[in-house]
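Q: here's my sequence, what's the structure:
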Amino acid sequence: MSQDPSHHDDEGAQRWEEMLRSMLGPEAAEEALRAMRASGMDPESMARAAGLPQDQNQMMLMISQMQQLLSAGGDDPVNWRLAHDLAQQTVRASGAGPVTAAQSSAVRSAMQVADLWLDTATELGPAGGTQEAWSQEDWVERTLPTWKRLSEPVATSVAHALAGILSEQAEHMPPEMQGMMGQLGEASGMLRQLGGAVFGMQVGQAVGTLAQEAFGPADTGLPLVENPTSALVPVNVTAFSEGLDAPEDEVRHFLAVREVAHARLFAHVPWLRSHLLSTVETYAREISIDTDAMEQAVRSIDPTNPEELREAFAGGVFAIEHSDAQRAALVRLETALALVEGWVEEVTAQAVAPHLPHAVPLREMVRRRRAAGGPAEQTFATLVGLELRPRRLREAASLWAGLGSARGTAERDALWSHPDLMPTPEELDNPQSFVA
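A: Modelled structure (predicted):
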């Protein structure tokens, strides 16, 4: 016995109406549907054109994804709730879990020892902040406010560009569809929300991935926490230790000294954090989006598919063109990151030399790791055009080592007292000349 074809039509129309309601809310959806019916458009044809799934469970999942994608965006250029939730989902999927009492005790002990060792290697005293063991989820919670500050100017440009492109594409649709798209934009700001949601997804994915790699808040070189805090993520330290010749306890002590040295530097050099973050913000304010690449991507993806939208970002289609001001900011940032990392590396080497048998190979392993960068750093480079790597680390470490040998640790560390005393990019080219 054959089925009534109208049965399929009813199901198709129902799926399309449910999709609109999930995106717009009941009132705006009804207005859009009235405009469609008045123009003689067929809801079943619209459902097929949109590629809506035939299975009811798949349909409900799709609606749920769209509700998550567009909800709670507020007036922010980025859907930060979505970024936060996706970052936490990413780390939970790793199965790392919370910090155990034994892990916390081992980290605190290593940091107390690190402070004692550093007293012999630098004139900068203890940071005076807390010393903690973090889970990967803790790393997300504690660092996300800084990621928000750094990426929000870029996100504004991306969201506006994406909304503009989608609006322009709507102008080339049939008049009936133009009317409906106008209703979508006016009723809920869907296009703006969509851009903010997509960028939020990408930032969340990157922060969640970084949380599975970072040893602590200072691991990227940027000061990701405002107050003096030294922390290690024990599960990441353990993962890094696997395959190394050095025992995990020695690796933990080495990384603890690095984290505590970072905390001392930022605690005693009050201008340094604002200098680094404002340099990133200067770059971000000059952001320019490659709209041609973005338009080509939007043309080839389904805007109702969150994963396709996220992958479009990951593929680098939102390429960024650098202005002269941005290139200058990137040079300043690259120099500052190298000077911070070079100082920490040199001070750490001095502090651990009498105590850790594998100090030299561990220094080289960490240096290589920072130079190579991980997948999350590459994601941020694609997103924001920034690479969080101190490219000139070896020159900076050589400069600080030369200063310490020639002038002593007190005069070396006194250079941090004012930004005007810092070596310039040109002086990093010839560290021995700067020392002389």
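Q: all contacts plus neighbour counts: C-alpha atoms, from now on.
A: Noted.
Q: low-scoring stretches of the stretch 251-400 of the chain, by residue?
A: Applying pLDDT under 70 to the stretch 251-400 of the chain flags residues 287-291, 293-322, 374-390.
Q: if we use 50, what do you get?
A: Low-confidence segments of the stretch 251-400 of the chain, defined by pLDDT under 50: 317-318.
Q: just the helices in it please.
A: 270-285, 291-300, 306-314, 324-352, 359-372, 375-384, 393-407 (DSSP state H, counting those that start in this stretch).
Q: as TSV, these with distance to Gln136 would be great.
A: Shown next, in TSV, are these (distance: least, Cα to Cα, whole Å):
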stretch	distance to Gln136
helix 270-285	23
helix 291-300	33
helix 306-314	22
helix 324-352	23
helix 359-372	19
helix 375-384	14
helix 393-407	27
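Q: Gly129 and Pro228 touch, don't they?
A: Yes. Between Gly129 and Pro228 there is a contact under Cα atoms under 8 Å: 4.6 Å.
Q: so for these two, which residue has more residues nearby?
A: In this view Gly129 and Pro228 are compared by other Cα atoms under 10 Å, and Pro228 has more residues nearby, 20 against 14.
Q: need the pLDDT of the more buried one.
A: Looking at Pro228, its pLDDT reads 84.
Q: so who does it touch?
A: Pro228 sits next to 127-130, 263-264, 266-267 when contact means Cα atoms under 8 Å, 6 or more residues apart in numbering.
Q: ok, now with 7 Å
A: Counting by Cα atoms under 7 Å, 6 or more residues apart in numbering, Pro228 touches 127-130, 263, 267.
Q: one step back: which one of the helices of the stretch 251-400 of the chain lies closest to Gly216?
A: Nearest of the helices of the stretch 251-400 of the chain to Gly216, taken as Cα to Cα: helix 359-372 at 13.3 Å.
Q: give me the buried positions along the closest one.
A: Within helix 359-372, the residues that qualify as buried are 359, 362-363, 367, 370, counting by 16 or more other Cα atoms under 10 Å.
Q: before we move on, back to that, turn the contacts of Pro228 into CSV, including distance to Pro354.
A: Shown next, in CSV, are the contacts of Pro228 (distance: Cα to Cα, whole Å):
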residue, distance to Pro354
Ala127, 23
Gly128, 25
Gly129, 26
Thr130, 26
Ala263, 22
Ala267, 26
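Q: between those, which has the most around it?
A: Ala263 (27 neighbours).
Q: ok, that residue touching Pro126?
A: No. Ala263 is beyond contact range of Pro126, at 8.1 Å (criterion: Cα atoms under 7 Å).
Q: which residues do those two both contact?
A: Common neighbours of Ala263 and Pro126 are not found (criterion: Cα under 7 Å, 6+ apart).
Q: so how far is the first residue of stretch 425-436 from its last?
A: In stretch 425-436, first residue to last residue: 17 Å (Cα to Cα, to the nearest Å).
Q: other residues contacting that stretch?
A: Residues contacting stretch 425-436 (Cα under 7 Å, 6+ apart): 335, 395-396, 398-399, 402-403.
Q: what about Trp147, how many residues close to it?
A: 14.
Q: typo on my end, it should be Asp420
A: Using other Cα under 10 Å: Asp420 sits among 9 other residues.
Q: which secondary structure state does it sit in?
A: Here Asp420 takes the helix state, with states given by DSSP: H, G, I helix; E, B strand; the rest coil.
Q: so how far is Ala414 from it?
A: 12 Å.
Q: which ones are touching Phe199?
A: By Cα under 7 Å, 6+ apart, the contact set of Phe199 is 78, 155.
Q: give me the element it is part of.
A: Assigned by DSSP states H and E, Phe199 belongs to helix 190-211.
Q: so what secondary structure elements neighbour the next helix or strand after that helix?
A: Toward the C-terminus, helix 190-211 is succeeded by strand 229-232 as the next helix or strand (DSSP H and E). For strand 229-232, the elements it packs on are strand 130-133, helix 248-268, judged by 3 or more Cα pairs under 7 Å, 6 or more residues apart in numbering; DSSP states H and E.
Q: can you tell me which of those is most buried?
A: Each of the helices and strands packed on strand 229-232 was scored by mean neighbour count; the highest is helix 248-268, a mean of 23, by mean count of other Cα atoms under 10 Å.
Q: quick one: contacts of that one?
A: So helix 248-268 is contacted by 110-111, 114-115, 124-127, 216, 218, 228-231, 237-238, 241, 272-273, 344, 348, 352, 356 (Cα under 7 Å, 6+ apart).
Q: try stretch 343-351
A: 117-118, 120-122, 257-258, 261-262, 397, 400-401.
Q: low-scoring stretches of the stretch 51-200 of the chain, by residue?
A: For the stretch 51-200 of the chain, the ranges with pLDDT under 50 are 51-52, 62, 184-188.
Q: now the helices for it?
A: 56-70, 80-93, 101-118, 136-171, 175-188, 190-211.
Q: quick one: average pLDDT of stretch 424-436?
A: For stretch 424-436, mean pLDDT rounds to 83.
Q: list the buried residues in it.
A: Quick answer for stretch 424-436 (16+ other Cα under 10 Å): 425, 427-428, 431, 435.
Q: over to stretch 105-116?
A: 106-108, 110-111, 114-115.
Q: keeping just the C-alphas, turn it into PDB.
A: The C-alpha coordinates for stretch 105-116 follow below in PDB (Å, rounded to 0.1, in the frame of the first residue of the first chain):
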ATOM      1  CA  SER A 105      51.400  18.200  47.400                       C
ATOM      2  CA  ALA A 106      54.200  17.400  44.900                       C
ATOM      3  CA  VAL A 107      53.600  20.700  43.000                       C
ATOM      4  CA  ARG A 108      53.600  22.800  46.200                       C
ATOM      5  CA  SER A 109      56.700  21.200  47.400                       C
ATOM      6  CA  ALA A 110      58.500  21.700  44.100                       C
ATOM      7  CA  MET A 111      57.600  25.400  44.000                       C
ATOM      8  CA  GLN A 112      58.800  26.000  47.600                       C
ATOM      9  CA  VAL A 113      62.100  24.400  46.600                       C
ATOM     10  CA  ALA A 114      62.100  26.500  43.300                       C
ATOM     11  CA  ASP A 115      61.900  29.700  45.400                       C
ATOM     12  CA  LEU A 116      64.900  28.700  47.400                       C
END
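Q: before I go, just wanted to say thanks for your time.
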